[in-house]
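Colleague: predicted model and sequence below, questions to follow.
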Amino acid sequence: RHLFKAGEILGLRLATLHNLHFMLRFMEDIRANIAAGTFAEFKQSFLASYRPADQDARARERAVRQQQRAGGGR
């Protein structure tokens with residue numbers, strides 16, 4: 001979080017690596033479950049446990065970033 005708040009590009013790079021790792025592993029799990037014939041159970045389990053980001057928090061963070069960009073500050 002510090003890297004994002006400080007406007008460091010490293011924060012974006014690390015977030016990208018994290019997201020790519022998540023998606024690659026997710027797709028591996030999907031393929032394995034399709035091959036095993038257990039995709040329906042996998043899907044149900046994933047949807048029951050996956051929690052997307054808090055939309056209100058995302059909106060607040062976005063507003064702060066837009067304000068910072070408009071004002072030229074960090």
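Modeller: Thanks, I have the structure now. Numbering: from 1, shown residues only.

Colleague: any idea whether residue 51 is helix, strand or coil?
Modeller: Following DSSP: H, G, I helix; E, B strand; the rest coil, residue 51 is assigned to coil.

Colleague: tally of neighbours for it?
Modeller: By other C-beta atoms under 10 Å, 5 other residues sit near residue 51. Placement of C-beta: from N, CA and C, glycine included.

Colleague: next up, phi/psi of it, please.
Modeller: Dihedral pair for residue 51: phi -120, psi 110, per degrees, to the nearest 10.

Colleague: mind listing what's buried along the longest helix along the chain?
Modeller: Longest helix of the chain, by residue count under DSSP state H: helix 9-36. For helix 9-36, the buried set under the neighbour-count rule, 16 or more other C-beta atoms under 10 Å, comprises residue 33.

Colleague: for that helix, the distance to its chain's centre please.
Modeller: Relative to its parent chain, helix 9-36 has a centroid offset of 10 Å by C-alpha atoms, centre = their mean, to the nearest Å.
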